[in-house]
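K.L.:
next one to model:
(one chain, ligands or ions: 1)
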Amino acid sequence: MRLHFAAGVPAADRAAIRSEFQAGRPAARRIISRLGPRLTFKTAGGSLSRVDSLFWRQQEAPGGAITVTMARRHLHSVPRRLRVHLLWHELGHAIDAAGLDSHADRRFSAAFRRSSAWRGCWPLKLHVYAGRRCVPEEEIFADQAAFWATGDRNVRSGYWIPPLASAREFWGILRREYLPGP
Ligand SMILES: [Zn+2]
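P.N.:
Next comes the predicted model:
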(Lines give C-alpha, C1' and ligand atoms only; values in the text may rest on other atoms or scores of the structure.)
Protein backbone atom coordinates (compact mmCIF):
# COMPACT_ATOMS: atom_id res chain seq x y z
CA MET A 1 0.00 0.00 0.00
CA ARG A 2 0.97 3.59 -0.46
CA LEU A 3 2.06 5.58 2.57
CA HIS A 4 1.76 9.34 2.50
CA PHE A 5 4.69 11.47 3.55
CA ALA A 6 4.92 15.16 4.18
CA ALA A 7 6.99 17.06 1.65
CA GLY A 8 10.66 17.08 2.51
CA VAL A 9 10.82 13.77 4.41
CA PRO A 10 14.21 12.33 3.38
CA ALA A 11 14.32 9.14 1.31
CA ALA A 12 16.14 7.22 4.05
CA ASP A 13 13.41 8.09 6.56
CA ARG A 14 10.69 7.02 4.10
CA ALA A 15 12.46 3.73 3.46
CA ALA A 16 12.76 3.05 7.21
CA ILE A 17 9.07 3.79 7.80
CA ARG A 18 8.02 1.59 4.87
CA SER A 19 10.18 -1.26 6.10
CA GLU A 20 8.86 -1.05 9.66
CA PHE A 21 5.30 -0.75 8.38
CA GLN A 22 5.74 -3.96 6.36
CA ALA A 23 6.66 -5.78 9.56
CA GLY A 24 3.07 -5.35 10.73
CA ARG A 25 0.56 -8.15 10.26
CA PRO A 26 -1.72 -7.87 7.18
CA ALA A 27 -4.87 -7.04 9.18
CA ALA A 28 -3.05 -4.16 10.85
CA ARG A 29 -1.72 -2.88 7.54
CA ARG A 30 -5.22 -3.07 6.04
CA ILE A 31 -6.65 -0.93 8.85
CA ILE A 32 -3.97 1.68 8.32
CA SER A 33 -4.42 1.56 4.55
CA ARG A 34 -8.06 2.56 4.98
CA LEU A 35 -6.90 5.88 6.35
CA GLY A 36 -5.32 6.66 2.97
CA PRO A 37 -4.16 10.24 2.60
CA ARG A 38 -5.74 11.16 5.96
CA LEU A 39 -2.57 9.81 7.52
CA THR A 40 0.67 11.66 6.86
CA PHE A 41 4.09 10.66 8.12
CA LYS A 42 6.62 13.24 9.16
CA THR A 43 10.06 12.85 10.68
CA ALA A 44 11.97 15.08 13.02
CA GLY A 45 15.39 15.38 14.53
CA GLY A 46 16.77 18.22 16.56
CA SER A 47 15.18 18.70 19.95
CA LEU A 48 12.80 15.81 19.35
CA SER A 49 15.74 13.44 19.47
CA ARG A 50 16.04 14.09 23.20
CA VAL A 51 12.54 12.87 23.81
CA ASP A 52 12.13 9.21 24.60
CA SER A 53 8.84 8.96 22.80
CA LEU A 54 7.21 9.81 19.52
CA PHE A 55 4.46 12.10 18.55
CA TRP A 56 1.17 11.98 16.82
CA ARG A 57 -1.41 14.62 16.28
CA GLN A 58 -4.94 14.66 15.15
CA GLN A 59 -7.25 17.46 14.30
CA GLU A 60 -10.31 16.45 16.23
CA ALA A 61 -12.82 16.92 13.39
CA PRO A 62 -14.28 13.60 12.13
CA GLY A 63 -12.26 12.47 9.18
CA GLY A 64 -9.60 15.00 10.08
CA ALA A 65 -5.95 14.68 9.31
CA ILE A 66 -3.70 12.42 11.34
CA THR A 67 0.01 13.02 11.51
CA VAL A 68 2.53 10.56 12.84
CA THR A 69 5.86 12.17 13.52
CA MET A 70 8.75 9.78 13.99
CA ALA A 71 11.93 10.81 15.73
CA ARG A 72 14.82 10.05 13.37
CA ARG A 73 16.76 8.33 16.07
CA HIS A 74 13.79 5.97 16.51
CA LEU A 75 13.94 5.19 12.80
CA HIS A 76 17.66 4.65 12.49
CA SER A 77 19.46 4.35 15.81
CA VAL A 78 17.69 1.79 17.95
CA PRO A 79 17.47 -2.01 17.41
CA ARG A 80 15.12 -2.98 14.60
CA ARG A 81 12.56 -4.73 16.78
CA LEU A 82 12.22 -1.57 18.88
CA ARG A 83 11.96 0.57 15.75
CA VAL A 84 9.13 -1.65 14.52
CA HIS A 85 7.39 -1.55 17.90
CA LEU A 86 7.65 2.24 18.11
CA LEU A 87 6.24 2.81 14.63
CA TRP A 88 3.31 0.50 15.41
CA HIS A 89 2.80 2.16 18.77
CA GLU A 90 2.22 5.43 16.90
CA LEU A 91 -0.02 3.68 14.39
CA GLY A 92 -1.90 2.26 17.39
CA HIS A 93 -2.74 5.86 18.29
CA ALA A 94 -3.93 6.37 14.72
CA ILE A 95 -6.17 3.27 14.92
CA ASP A 96 -7.52 4.51 18.25
CA ALA A 97 -8.15 8.06 17.03
CA ALA A 98 -9.62 7.14 13.67
CA GLY A 99 -11.79 4.18 14.45
CA LEU A 100 -12.54 3.51 18.11
CA ASP A 101 -15.37 5.04 20.06
CA SER A 102 -15.83 5.13 23.82
CA HIS A 103 -17.60 1.76 23.82
CA ALA A 104 -14.58 0.18 22.20
CA ASP A 105 -12.27 1.93 24.65
CA ARG A 106 -14.23 0.41 27.53
CA ARG A 107 -14.03 -3.08 26.06
CA PHE A 108 -10.28 -2.83 25.62
CA SER A 109 -9.89 -1.31 29.03
CA ALA A 110 -11.84 -4.16 30.65
CA ALA A 111 -9.82 -6.77 28.75
CA PHE A 112 -6.50 -5.25 29.80
CA ARG A 113 -7.61 -5.14 33.44
CA ARG A 114 -8.33 -8.85 33.38
CA SER A 115 -4.68 -9.57 32.60
CA SER A 116 -2.55 -10.94 35.44
CA ALA A 117 0.10 -8.42 34.30
CA TRP A 118 -2.24 -5.45 34.93
CA ARG A 119 -1.13 -2.84 37.44
CA GLY A 120 -3.18 0.06 38.71
CA CYS A 121 -0.42 2.48 37.76
CA TRP A 122 2.68 2.29 35.62
CA PRO A 123 4.81 5.17 36.86
CA LEU A 124 5.33 7.72 34.13
CA LYS A 125 9.01 8.37 33.57
CA LEU A 126 8.69 10.30 30.33
CA HIS A 127 8.14 14.02 30.38
CA VAL A 128 5.59 14.10 27.60
CA TYR A 129 2.65 14.24 30.02
CA ALA A 130 3.49 16.99 32.45
CA GLY A 131 1.85 16.63 35.82
CA ARG A 132 0.71 13.02 35.41
CA ARG A 133 1.95 10.24 37.61
CA CYS A 134 0.77 7.16 35.73
CA VAL A 135 1.00 6.13 32.09
CA PRO A 136 -2.29 7.25 30.47
CA GLU A 137 -4.76 4.75 29.04
CA GLU A 138 -4.19 5.82 25.43
CA GLU A 139 -0.50 4.94 25.73
CA ILE A 140 -1.35 1.55 27.20
CA PHE A 141 -3.63 0.96 24.20
CA ALA A 142 -0.95 2.07 21.74
CA ASP A 143 1.54 -0.42 23.17
CA GLN A 144 -1.05 -3.21 23.08
CA ALA A 145 -1.82 -2.36 19.45
CA ALA A 146 1.89 -2.63 18.69
CA PHE A 147 2.15 -6.05 20.35
CA TRP A 148 -0.79 -7.24 18.27
CA ALA A 149 0.40 -5.68 15.00
CA THR A 150 3.99 -6.90 15.20
CA GLY A 151 3.59 -10.17 17.10
CA ASP A 152 6.71 -9.26 19.09
CA ARG A 153 5.71 -9.39 22.75
CA ASN A 154 9.16 -9.11 24.27
CA VAL A 155 10.01 -5.57 23.27
CA ARG A 156 9.12 -2.56 25.44
CA SER A 157 8.53 1.09 24.68
CA GLY A 158 9.65 3.82 27.07
CA TYR A 159 6.36 3.33 28.94
CA TRP A 160 7.45 -0.17 29.84
CA ILE A 161 3.98 -1.69 29.45
CA PRO A 162 3.90 -5.50 29.04
CA PRO A 163 1.39 -7.33 26.82
CA LEU A 164 -2.04 -7.32 28.49
CA ALA A 165 -4.02 -9.31 25.94
CA SER A 166 -3.31 -12.16 23.57
CA ALA A 167 -3.24 -11.31 19.88
CA ARG A 168 -6.43 -13.31 19.49
CA GLU A 169 -8.21 -11.42 22.25
CA PHE A 170 -7.04 -8.03 20.95
CA TRP A 171 -8.15 -8.78 17.40
CA GLY A 172 -11.45 -10.19 18.65
CA ILE A 173 -12.32 -6.78 20.10
CA LEU A 174 -10.75 -4.70 17.34
CA ARG A 175 -12.46 -6.61 14.54
CA ARG A 176 -15.87 -5.99 16.06
CA GLU A 177 -15.32 -2.45 17.20
CA TYR A 178 -13.28 -0.83 14.51
CA LEU A 179 -15.34 1.70 12.64
CA PRO A 180 -13.83 2.68 9.30
CA GLY A 181 -13.82 6.36 8.58
CA PRO A 182 -16.21 7.95 6.10
ZN1 LIG B 1 2.25 7.06 22.41
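
K.L.:
what's the first helix or strand after the lowest-mean-pLDDT helix or strand in the chain?
P.N.:
The weakest-scoring helix or strand in the chain, judged by mean pLDDT, DSSP states H and E, is strand 55-58 (a mean of 58). Next along the chain after strand 55-58, taking DSSP states H and E as the criterion, comes strand 66-71.

K.L.:
who does that following strand pair up with?
P.N.:
Strands that pair with strand 66-71, judged by DSSP bridges, come out as strand 39-44 (parallel), strand 55-58 (antiparallel).

K.L.:
contact distance from the ion - what residues of this structure qualify?
P.N.:
By the rule Cβ under 5 Å from the ion, the part of the chain lying against the ion is E139, A142. In this view, the C-beta of every residue, glycine as well, is placed from N, C-alpha and C.

K.L.:
scan the chain for its longest helix.
P.N.:
Of all the segments of type helix in the chain, defined by DSSP state H, the longest one is helix 80-99.

K.L.:
so which elements touch it?
P.N.:
helix 11-22, helix 26-35, strand 55-58, strand 66-71, helix 72-76, helix 137-150 (3 or more Cβ pairs under 8 Å, 6 or more residues apart in numbering; DSSP states H and E).

K.L.:
state the distance from A167 to Q144.
P.N.:
10 Å (Cβ to Cβ, to the nearest Å).

K.L.:
cool, A111 as well?
P.N.:
From A111 to Q144 the distance is 9 Å (Cβ to Cβ).

K.L.:
pLDDT score assigned to A7?
P.N.:
Listed pLDDT for A7 reads 95.

K.L.:
that one: which element?
P.N.:
Using DSSP H and E, A7 falls outside every helix and strand.

K.L.:
distance of it relative to the ion?
P.N.:
Distance, A7 to the ion, by Cβ to the ion, to the nearest Å: 25 Å.

K.L.:
pull the number of nearby residues for that residue.
P.N.:
Residues contacting A7 under the criterion other Cβ atoms under 10 Å number 6.
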